[in-house]
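Peer 1: sequence plus predicted model, see below.
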Amino acid sequence: MKRSSYIFTIVAFSIGLFGCAQKTKEVAVAQTAGFATFPTPAPQDESDEIVGVYFMPSWNTSPDPAVDRDSFWSCIQDPANCSSLLNPGIWGPKGRIYNARYPYEGPYLERKPIAELKGFYSRTDSEVAKKHLQYMKSYGIDFFAYDWFFGRHYYYHLYFGPQSKIYYPKDWQIDPNRDGRVAVPGLVEWGDQLELLLAENAKLPKEEQMKFAINWCDDSNERWMLWLKVGAPEEMARKANYEGEKPDKALYLKVHKKITQLWIDQYFSREDYLKGADGRPVVYFYFPQDAESRAAYYGLTLKDLLDLSQETARKAGFPGIKFIAVMAGPMLERERMYGLPTLWKAKNPNKPWEGGEYQKRQLLQEYVPRLKGMGFEGMTSYVYHNFFEKDNRSYADMRETYRGHWKMWSEKFKNDPNFEYQVPVAMGWDMRPAGGTWPQQSGFPSEPYKDKVHSDKASFTAKLKEAQQISRKYRPSNGNTVMICCWNEYLEGNYIEPTEGHGFSYLEAIKEVFGN
């Protein structure tokens with residue numbers, strides 16, 4: 001799940017793409033004198049699973065603000081207008097190159113949402129947002145984890161009309177001589193769809209509302225480069241940035257605190273935010289290795305960042321945050337070059353914006369044991385593409401690789417009640433609308449055979465039942481959350497939202513297995 005306009009730098013075996021957390025059927029946050037109180041949740045049948053699903057935001061890819069062309073829909077309908085296929089950062093200077101060996105196989109019109117969702121809908125259509133919520137709720141999904149992106153590098157001006165409503169922590173410093181230019185940069189990217197979903201959710205009766213959580217996706221190398229470029233001389237010369245605005249360690253930490261404060265102010269205090277039995281908001285953290293490697297550039301650990309978030313939440317009256325890591329990665333020694341990095345090092349320390357290298361890579365089974373020490377209290381996945389030697393070349397393969405992961409991680413944590421493995425499920429994988437798996441600078445997909453992982457209602461139902469059995473077998477340590485990928489990952493071929501191709505079959509499977 002990486003977005004084309006901020007660039008999918010995907011390499012073979014990157015394995016996975018976005019993520020989510022646990023909940024007990026839930027606890028509303030009451031605000032009393034500025035502090036949160038957390039009532040005890042009602043007892044619940046321990047056999048009940050909490051079902052979560054990832055929600056991928058869509059966005060406008062047209063340079064013309066009058067044209068709202070969503071990259072999901074353009075890639076499904078018309079390759080000539082697909083930003084993913086044309087992006088040189090993904091496929092090289094000529095974009096996605098089609099030939100006899102790797103032809104274009106679209107359009108993929110079976111992925112068109114049903115008429116009740118208005119087909120290729122607008123992401124800002126309130127009627128469609130309401131339908132999303134109602135379908136999730138009525139078919140047994142308990143919460144959605146919204147893939148949440150934040151651009152650290154954006155400076156903006158709170159006195160400038162179009163930017164005046166962008167979030168900025170109350171009483172934080174601005175420069176009144178520059179139209180209220182903020183002292184600490186950063187803003188939410190593609191957050192308008194979440195705002196709409198939450199607005200519609202608030203209109204529903206309490207018993208019909210969905211819970212939601214943040215799945216923080218801090219995985220774009222392009223955005224990391226834009227952050228480092230804040231201090232570049234050319235940015236100063238064109239006055240995009242000013243003297244003193246440098247992407248140093250101090251500012252990096254301030255931005256992280258701003259991110260956490262935003263969660264607190266805009267999400268955590270809502271009654272529909274996903275919280276554990278102890279009242280702690282749950283935050284999913286997609287691919288923590290990306291954040292760890294970049295924090296290491298400043299001599300910081302990921303624990304430093306999570307501790308800062310915990311401290312910020314407690315000062316706001318919350319009992320802390322429950323962080324769940326969303327993990328996947330290679331497991332074979334020969335794949336180490338594609339492993340999970342723990343350090344980013346600039347090629348030229350005096351010009352870090354020119355690029356660097358990700359170093360000290362670990363295999364998945366080496367990385368996972370470190371998670372608890374970083375401050376995570378659980379782990380799940382977005383998509384597993386392999387398990388040791390086994391690749392996903394069909395849905396039968398995917399079911400086998402998932403069984404391997406389920407057993408490995410459930411067994412690993414079965415004696416640790418303080419670290420849970422939330423059992424993940426995926427409905428498939430087929431990235432052909434975005435050009436294929438995985439993008440290469442040569443203009444070709446490197447592993448096109450992975451774009452044949454197709455399920456149907458029967459095979460998906462069988463996988464859900466297996467996940468349920470594993471969740472219940474290891475309930476004391478696994479908790480009771482099952483995470484499903486995904487509601488609407490259309491470009492990756494991983495979507496359960498009702499479409500003309502499969503109708504309601506995937507939602508029916510969820511309801512049949514997990515009920516209400």
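Peer 2: All right, it came through fine. Everything numeric in this text was worked out from a predicted model, so none of it was measured. Residues are numbered from 1 along each chain as shown.

Peer 1: distance of the most far-flung residue of the chain relative to its centre from Gly436?
Peer 2: Ranked by distance from the centre of the chain (CA atoms, centre = their mean), the top residue is Asn177, with 37.3 Å. Computed as CB to CB, to the nearest Å, the Asn177 to Gly436 distance reads 51 Å. No exception for glycine: its C-beta is placed from N, CA and C like everyone else's.

Peer 1: one more: Glu466?
Peer 2: Distance from Glu466 to Gly436, by CB to CB: 29 Å.

Peer 1: same check on Tyr154?
Peer 2: Counting by CB to CB, the gap from Tyr154 to Gly436 is 32 Å.

Peer 1: just the helices in the stretch 201-350 of the chain please.
Peer 2: Ranges of helices within the stretch 201-350 of the chain are 221-228, 233-237, 249-263, 288-296, 302-315, based on DSSP state H, counting those that start in this stretch.

Peer 1: could you export the fourth one as PDB, CA atoms only?
Peer 2: Put plainly, it is helix 288-296. Taking C-alpha atoms only, helix 288-296 is exported to PDB below (Å, rounded to 0.1, in the frame of the first residue of the first chain):
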ATOM      1  CA  PRO A 288       8.100   0.500  12.000                       C
ATOM      2  CA  GLN A 289      11.500  -0.300  10.400                       C
ATOM      3  CA  ASP A 290      11.100   2.700   8.100                       C
ATOM      4  CA  ALA A 291      10.700   5.100  11.000                       C
ATOM      5  CA  GLU A 292      13.400   3.300  13.000                       C
ATOM      6  CA  SER A 293      16.000   3.600  10.300                       C
ATOM      7  CA  ARG A 294      15.300   7.400   9.800                       C
ATOM      8  CA  ALA A 295      15.200   8.100  13.500                       C
ATOM      9  CA  ALA A 296      18.600   6.400  13.700                       C
END
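
Peer 1: how far away is Gly493 from Lys112?
Peer 2: 14 Å.

Peer 1: who's more crowded, those two?
Peer 2: Counted by other CB atoms under 10 Å, Gly493 and Lys112 do not tie: Gly493 has more neighbours, with 24 against 19.

Peer 1: neighbour count winner among Glu466 and Gly436?
Peer 2: Counted by other CB under 10 Å, Glu466 and Gly436 do not tie: Gly436 has more neighbours, with 25 against 17.

Peer 1: ok, the more buried one - contacts?
Peer 2: 96, 102, 444-445, 448, 451 (CB atoms under 8 Å, 6 or more residues apart in numbering).

Peer 1: for the residue lying closest to it once chain neighbours are set aside, give me its contacts.
Peer 2: Distances taken as CB to CB, 6 or more residues apart in numbering place Pro445 nearest to Gly436, at 2.8 Å, with adjacent residues excluded. Counting by CB under 8 Å, 6+ apart, Pro445 makes contact with 102, 431, 435-439, 451.

Peer 1: out of those residues, flag the one nearest to Tyr159.
Peer 2: Minimum separation from Tyr159 among the contacts of Pro445 (CB to CB) is found for Pro439, which lies at 41.0 Å.

Peer 1: okay, now the residue nearest to that closest one when sequence neighbours are not counted: neighbour count?
Peer 2: Spatially, and ignoring its direct neighbours in sequence, Pro439 is nearest to Ile90 (4.5 Å; CB to CB, 6+ apart). Neighbours of Ile90 under the rule other CB under 10 Å: 24.

Peer 1: quick check: Ile90 vs Phe504, distance?
Peer 2: In terms of CB to CB, Ile90 sits 33 Å off from Phe504.

Peer 1: helices and strands of the protein: which one bottoms out on pLDDT?
Peer 2: Lowest on mean pLDDT, DSSP states H and E among the helices and strands of the chain sits strand 30-32, with a mean of 32.

Peer 1: tell me the mean pLDDT over stretch 187-195?
Peer 2: Stretch 187-195 shows a mean pLDDT of 94.

Peer 1: what's that stretch in contact with?
Peer 2: Contacts of stretch 187-195 (CB under 8 Å, 6+ apart): 3, 6, 57-59, 123-124, 129, 146, 148-151, 154, 156, 166-167, 212, 262.
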